[in-house]
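**Q** Attaching a predicted model along with its sequence, questions to come.
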Amino acid sequence: MITLKSGEVASWLGVVGLTLLVGCTDAMGGGSNHDSSNGNTAGASSTAGSGVGGSVGMGGSVGMGGDTYVPQVGTDPGTKVMHRLNDAEYNYSVHDSLGVSQAPADWSGGQGELYGFDNIAEALGTDSKTFTNFFNAAGKLAEEVMSTPALKSAFITCNAADTACQQTVISQTALKLFRRPAVPEELVTYGKVYTAATGLGETPENALKHVLRSMLSSAEFLYRIELDATPNSSTPHKLGAYELASRLSYFLWSSAPDQGLLDAAASGKLLDDAELGGQVERLLKDTKGERLVMNFGGQWLSIRQLAGHAVDQAVFPSWTPAITTAEMEEAYRFFNEFARGAQPWASFLKADFNFVNADLAKLYGLPAPAGTGLQLVQVADDHRFGYLGLGAFLTVSSYNHRTAPTLRARRILDQIMCAPPPPPPANLQIPPLDGDSGTAEAAQQNIRARLEEHRKNPVCAGCHATFDAVGMALENFDAIGQYRATYPNGTPVDASGTIVGKPEFVGLPGLTDMLSSDPRFMSCVADKLFIYSLGRGIEQTDRPYLDNVTHAWQSPTAVLPTLIKNLVLADTFRSRRAEAQ
C-alpha cells in the first residue's frame, strides 16, 4: 500500500503515460511551489454508495442562528497525511469539474474506513491495482469530454494548435482539477505532454486529451495536498486560501471547490472570518449540500447499511425492497431537517414527525398520505417519534429474524452518545443468545426472557447489565420497525429498564428523556462532524478546541449549521502543522 506524505509527492505521470510521450517528468516537483500563506500562487515557495446524483428531494432553506464567534484555545491544531479522494469525492469531483456523467470510482478500488467514515486520510492509500483503475478511469473520462460537444467546448476554449491556447487550457483545467492555480513548472511539464503527443502524430485536440488524462492521473488531482513551508517544524501555520477552499468544499460537498470558492481564494477574502462564514452558509444552502446529509449522515447513522441489510421474509412477509428504499429515504430526509437548521439539534431524539409514502405508512400503522412519494406527516398518538423511532434505525440495528436489544444499545451509545460499551475481554467464549439464530422459534420468543436467561451466565452478565436496558426500551418496535405490544408468542413486551445511577425509564419516551438530558448527546455530534470534516481522528491536543466550540454552541435552540460554521472557523480547520514533531 502506498501512502504519500507531504514532501513525497510522486511523479506519477512517468508511470501512467507521460513516460511514453515525453520520457521523463517533473510535473509533481512543480506542484510543491504554491504558496500556503495566502490566496495566490508563488513559484518561489518551497513548501472514493458513492456516485453522482441520487437526490432524495430534500432542499429547504438553511437556518443558521446563534453567535458563531469562537475564541481560540489550545496550541496545536494538528495535522494529517495527504488525503486521497475517496470514491464519492472522486466521482463528484470529476462530475462538478468536467461535467462528465460517469461515476468511474464505483469500482471502489481502494476504499478504507476508520472512525466510522470512509474519508479518513490515513485509511486511503493507493496500491498498484487502485492506481491502474484510476489511470483507466482517466482515459474514459478524457474520452467522454472529447466526444461530447458541450464538454469539449468547455475544455478547449480556443484554437488547440496555438501555443497560447495550450497554456490557457492547461491553466484552466489545473485550477479545476488541482483546486489551485498551476505553477510554472506544471505548465512546462504538461506542455511537454502536448508536444510529445503531437510528435507521435496526434492532432492538437487529441494531444490535449492526453494532457487531460495525465492531469486526472496525477497525485495533484487524486490527493488533497496541504503543504508545510517548514516540514520539520512543529509550529502551526494557517492554511493557504486554496487549501482552505478545498477543505471546506470536501467537507460540505464531497467535491472540488466551485468557482465562487475559487474566486474567494484568489482574492484572499476566504481567509477572513466573515467571508468564510458566508461561504459555509452558501454551500449548505446549495443543492450540493444534500451530499453532507448522504455522506456524513448516511455513514454516521448507518443509513447506508440498510441497503445491504437482510430481512427474513419467512418471518416478515410484508418486507419488500420498496420498504427498504422508503425507510432509507425517510431517514435521510429526517436528518436533513436538522442538517439544514429547520429543527434544533436538541429535538433530534424527540421531534414528532415522519416522512412516509403508502408502503411506509402501512408498516407504521398510519393512514396513507395524499400525493406520491414521501410526505411529511405529524401524528401525536402513534407511539413513534424521533430518530430512534425511524424504521431505518430500528431495522438496521436488528437481526434478520428478530430484534437485537444489545446491538441497538451499542449503536445508540456509540453513534449518538460517543460512549461505546467496552468490547468483551479477548479470547472470551461468548455463548450465542439464540443457539440456532436462524430458527423461526427464536423470532417468536420474548427477548427480555431470553436475555435474562443469557445474563445468568456470569461470563455474559457484566457487559449486558451495562447496556441491555437501553436496547430493551425499544422492544415495542420489531425488527423492521413495526410497533407491537406483544411478542409473536403472545407474551407482553416489557420496555422498562434501569441503568446504574439513573432512574428507571420506560420505552422510547423514557429512553429519549434520559439520552437528551445527557450532555454527551449534544457533544457527540460535534465530535462526529469534527472527524468527518478533517478526515482524521480526534487527538488529545484537539480537545481544547473542540470542547470550546461545543460549549459555545450548546443550547435548546442550537442548530447544526451554527455548529458547522463554528467548526470551520476554529483553528483546527483553518490551520495545521507539519507531520514531523
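**A** Noted; the coordinates are in hand. Numbers count the residues shown, from 1 in each chain.
**Q** Val315 falls within a helix, correct?
**A** No - under DSSP: H, G, I helix; E, B strand; the rest coil, Val315 falls outside any helix and is assigned coil.
**Q** pretty sure it contacts His401?
**A** Yes - between Val315 and His401 there is a contact under Cβ atoms under 8 Å: 4.9 Å. For every residue, glycine as well, the C-beta is placed using N, CA and C.
**Q** quick one: secondary structure of Leu563?
**A** helix.
**Q** which residue sits closest to it in space, ignoring its chain neighbours?
**A** Once flanking residues are discounted, Leu563 sits nearest to Trp553: 4.8 Å by Cβ to Cβ, 6 or more residues apart in numbering.
**Q** next one: Leu175
**A** Setting aside the residues directly before and after it, Leu175 is nearest to Pro181 in space (Cβ to Cβ, 6+ apart), at 5.6 Å.
**Q** so how many other residues sit close to the one you found?
**A** By the measure other Cβ atoms under 10 Å, the count of residues near Pro181 is 19.
**Q** wait, it sits on Ile170?
**A** No - counting by Cβ under 8 Å, Ile170 is not a contact partner of Pro181; they are 10.8 Å apart.
**Q** element containing the residue nearest to Leu175, please.
**A** Assigned by DSSP states H and E, Pro181 falls within no helix or strand.
**Q** Next one: it from Gly268, what distance?
**A** Pro181 is 13 Å from Gly268, where distance means Cβ to Cβ, to the nearest Å.
**Q** Equivalent analysis for Phe296, please.
**A** Per Cβ to Cβ, Phe296 is found 29 Å from Gly268.
**Q** Looking at the two, which has the bigger crowd around it?
**A** More crowded of Phe296 and Gly268, by other Cβ under 10 Å: Phe296, with 23 against 15.
**Q** Let me see the contact set for the nearest residue to that one once chain neighbours are set aside.
**A** Nearest residue to Phe296 in three dimensions, chain neighbours excluded: Tyr532, at 5.0 Å (Cβ to Cβ, 6+ apart). By Cβ atoms under 8 Å, 6 or more residues apart in numbering, Tyr532 lies in contact with 117, 119, 251, 296, 299-300.
**Q** helix, strand or coil for Tyr532?
**A** helix.
**Q** Show the pLDDT at it.
**A** Listed pLDDT for Tyr532 reads 98.
**Q** Name the member of the contacts of Tyr532 with the shortest distance to Leu222.
**A** Asn119 (14.0 Å; Cβ to Cβ).
**Q** you'd agree the closest one is in a strand?
**A** No - secondary structure of Asn119, determined by three-state DSSP: coil, with no strand assignment.
**Q** count of neighbours near it?
**A** By other Cβ under 10 Å, neighbour count at Asn119 equals 31.
**Q** Then Leu124?
**A** Residues near Leu124, counting by other Cβ under 10 Å: 29.
**Q** Next one: it relative to Val311, how far apart?
**A** 32 Å.
**Q** likewise Ala160?
**A** Remark: distance between Ala160 and Val311 (Cβ to Cβ) = 56 Å.
**Q** try Tyr532
**A** Separation of Tyr532 from Val311 (Cβ to Cβ) stands at 29 Å.
**Q** And Leu276, by the same measure?
**A** 45 Å.
**Q** CA atoms only for stretch 505-524, dumped as CSV, please.
**A** Taking Å, rounded to 0.1, in the frame of the first residue of the first chain, the C-alpha atoms of stretch 505-524 are listed here in CSV:
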residue,chain,number,x,y,z
PHE,A,505,-37.2,4.6,32.3
VAL,A,506,-39.9,3.0,30.1
GLY,A,507,-40.0,2.7,26.4
LEU,A,508,-39.0,5.2,23.7
PRO,A,509,-40.3,8.2,25.8
GLY,A,510,-38.2,7.3,28.9
LEU,A,511,-35.1,6.4,26.9
THR,A,512,-35.1,9.7,24.9
ASP,A,513,-35.7,11.7,28.1
MET,A,514,-32.6,10.1,29.6
LEU,A,515,-30.4,10.4,26.5
SER,A,516,-31.5,14.0,25.6
SER,A,517,-30.6,15.2,29.1
ASP,A,518,-27.1,13.7,29.0
PRO,A,519,-24.5,16.3,27.9
ARG,A,520,-22.8,13.7,25.7
PHE,A,521,-25.8,13.9,23.4
MET,A,522,-25.0,17.4,22.3
SER,A,523,-21.2,17.0,22.3
CYS,A,524,-21.2,13.7,20.3
